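Undergrad: When you get a sec, could you give me coordinates for this:
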Amino acid sequence: MLIDSGLLLQPFKGLRPRSSDAAAVAAPPYDVLSSDEARAAASGKPLSFLHVSKAEIDLPPDVDSFAPEVYARSAENFRRMIDSGVLCRDQRRCYYAYRLVMGEHLQTGLVAVASVAAYDNNRIRKHELTRPDKEDDRVRQIEALNAQTGPVLLVHADNAEVERLVVAATENPPVADLTADDGIRHTLWTVDDAERIARISALFAAMPSLYIADGHHRSAAASRVAAARRGQAAAMEGAEFFLSVVFPAAQMRIMAYNRVVRDLNGLSEEAFLAAVGERYRIDPRCGPEKPDRSGVCGMYLGGRWYRLEVLSELVPEADPVRRLDVSVLAEQILGPLLAITDLRRDTRIEFVGGMRGLAELERRVNSGEMAVAFALYPTSMSELMAVADSGQVMPPKSTWFEPKLADGLVSHILD
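TA: Next up, the predicted model:
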């Protein structure tokens, strides 16, 4: 593979399941299931990619999921799937069109390998901090397999010609078409026409930037692996790229990432409500309150829902991070009233993905496990891109993307 530092994306020889095995291989992303959930999901499914991405499921339950034997088992299972022909590598460098259908929502993107150099120089832009332990895990997984198997979810500014070229590939027969256990349909097509590949590459090369939507630890790990291999005599050019799927911004679906808090920091419900009322207009509701716009959140406290509308003078509109709803909640309620200032480490707060709905917030509070819940308005793609463009980062758990990409449909071998 020839490296062109001006290219954001390049085609590659994808490793993918035979069409007849795609449904059996495809699995949820490694980081959305616990080890126990993965063990249950892969039960009776010997071809599930969870045997690669969560290989601890094939070892005794008391094994640490970050132990060396887990990575060794992952590599063993990966090699077995290749040797048996379940996974086959394309002979030519291709792009792949990838379509996700969730209910009435449809998004069609491009599977490619993205430039590590572009990531390192912030042309592929970040919006989250990473944790060293999670980076280490992904580095060990890549090194054990000599492959990247979990794609990074990228976003590009809307471009009609890119979208037309990618969608045109879907007119051909797919190489994988399956509906996962969660009801999401995943369909994959190869893009192997040389002229179309060249045009797609050129269109992306002309873009000023791409944005990481999900996969900050995977991209950071790819950068570390590339840096380590540059000093080796047999450095592999494939390590200079990382597996990605890139979608148009307008097609992305971001759901709320809600918050539940274990206690009221010594305040009574009445005192807490009074303090909130100094910062928000409070409107008691008869049923669940799903925010209908930015600046509004729902609060569930003492068996009752409230609509909270932040006082406009408290929102710093000029700051792309502090004006986010998640930031406003942190600055106006979580920090000053509930003494939660470290969202990454404070065990008194937990985060609930929007897919679980408001009923899950009610359940967590009604059970006595939590004292209060906050339903937030989803962060928008334009807000995410503004934060990334400013070189800043969002608070933890600011975005929840649905539908999720599948692991195992296409992998990238680092040679």
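Undergrad: hey, where'd the helices end up in the stretch 51-200 of the chain?
TA: For the stretch 51-200 of the chain, the helices defined by DSSP state H, counting those that start in this stretch cover 68-83, 116-120, 132-145, 160-169, 194-205.
Undergrad: Quick one, grab the pLDDT at the residue nearest to the spatial centre of the chain.
TA: Centroid-nearest residue in the chain: Asp214, 2.9 Å away (criterion: C-alpha atoms, centre = their mean). We have a pLDDT of 93 for Asp214.
Undergrad: quick one on the thing from earlier: let's have the helices of the stretch 51-200 of the chain in JSON lines, adding distance to Thr179 and mean neighbour count.
TA: Any C-beta I mention is one placed from the backbone N, CA and C, and that applies to glycine too. Shown next, in JSON lines, are the helices of the stretch 51-200 of the chain (distance: least, C-beta to C-beta, whole Å; neighbours: other C-beta atoms under 10 Å):
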{"stretch": "helix 68-83", "distance to Thr179": "22", "mean neighbour count": "17"}
{"stretch": "helix 116-120", "distance to Thr179": "33", "mean neighbour count": "20"}
{"stretch": "helix 132-145", "distance to Thr179": "27", "mean neighbour count": "18"}
{"stretch": "helix 160-169", "distance to Thr179": "20", "mean neighbour count": "16"}
{"stretch": "helix 194-205", "distance to Thr179": "28", "mean neighbour count": "15"}
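Undergrad: Give me the residues contacting stretch 139-152.
TA: Here stretch 139-152 makes contact (C-beta atoms under 8 Å, 6 or more residues apart in numbering) with 15, 29-31, 49, 52-53, 66, 71-72, 74-75, 78, 111, 114, 138, 212, 214-215, 218-219, 221-222, 224-225, 242-245, 405, 407-408, 410-415.
Undergrad: taking those residues one by one, which sit in helices?
TA: Using DSSP state H, the subset of the contacts of stretch 139-152 located in helices is 52-53, 71-72, 74-75, 78, 138, 218-219, 221-222, 224-225.
Undergrad: Which single one of the residues you listed is nearest to Ala118?
TA: The closest of those to Ala118 turns out to be Ser219 (C-beta to C-beta; 10.3 Å).
Undergrad: Contact partners for that closest one?
TA: Going by C-beta under 8 Å, 6+ apart, Ser219 touches 114, 119, 124, 126, 152, 212, 242.
Undergrad: can I get those in JSON lines with distance to Met381?
TA: Listed next are these as JSON lines, based on distance: C-beta to C-beta, whole Å:
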{"residue": "Ala114", "distance to Met381": "18"}
{"residue": "Tyr119", "distance to Met381": "19"}
{"residue": "Ile124", "distance to Met381": "16"}
{"residue": "Lys126", "distance to Met381": "15"}
{"residue": "Val152", "distance to Met381": "16"}
{"residue": "Ile212", "distance to Met381": "12"}
{"residue": "Phe242", "distance to Met381": "21"}
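Undergrad: ok, and the most crowded of the residues you listed?
TA: Among those, Phe242 has the most neighbours (other C-beta atoms under 10 Å), with 30 neighbours.
Undergrad: And for that one, nearest residue in space, chain neighbours not counted?
TA: Spatial nearest neighbour of Phe242, excluding adjacent residues (C-beta to C-beta, 6 or more residues apart in numbering): Ala222 at 3.6 Å.
Undergrad: distance of the one you found from Leu405?
TA: Distance, Ala222 to Leu405, by C-beta to C-beta, to the nearest Å: 16 Å.
Undergrad: What residues sit buried inside the lengthiest strand in the chain?
TA: Ranked by residue count, the top strand of the chain under DSSP state E comes out as strand 105-115. Buried positions in strand 105-115, judged by neighbour count with 16 or more other C-beta atoms under 10 Å: 107-115.
Undergrad: Partner strands of that strand, with direction?
TA: Within its sheet, strand 105-115 is paired with strand 9-10 (antiparallel), strand 95-102 (antiparallel), strand 241-248 (antiparallel), according to DSSP bridges.
Undergrad: How far off centre is the second one?
TA: Going by C-alpha atoms, centre = their mean, to the nearest Å, the spacing between the C-alpha centre of strand 95-102 and its chain's C-alpha centre is 16 Å.
Undergrad: The last one now?
TA: Here strand 241-248 is found 12 Å from its chain centre; the criterion is C-alpha atoms, centre = their mean.
Undergrad: Got the phi and psi for Ala24?
TA: When quoted as degrees, to the nearest 10, the phi and psi of Ala24 stand at phi -80, psi -30.
Undergrad: Then Arg230?
TA: With angles defined as degrees, to the nearest 10, Arg230 sits at phi -60, psi -30.
Undergrad: That one: neighbour count?
TA: Neighbour tally, Arg230, other C-beta under 10 Å: 12.
Undergrad: and what of the one 10 residues further on?
TA: For Glu240, the tally of surrounding residues (other C-beta under 10 Å) stands at 23.
Undergrad: Tell me which residues touch His217, please.
TA: 130-131, 134-135, 137-138 are the contacts of His217 under C-beta under 8 Å, 6+ apart.
Undergrad: before we move on, back to that, max pairwise distance over the ones in helices among the contacts of stretch 139-152: which two?
TA: Farthest pair in the ones in helices among the contacts of stretch 139-152, by C-beta to C-beta: Ala72 and Ser219, 24.5 Å.
Undergrad: circling back to that earlier point, going by distance to Leu334, which of the contacts of Ser219 wins?
TA: Leu334 lies nearest to Lys126 out of these, by C-beta to C-beta, at 23.5 Å.
Undergrad: Roughly how far does the closest one sit from Leu50?
TA: From Lys126 to Leu50 the distance is 28 Å (C-beta to C-beta).
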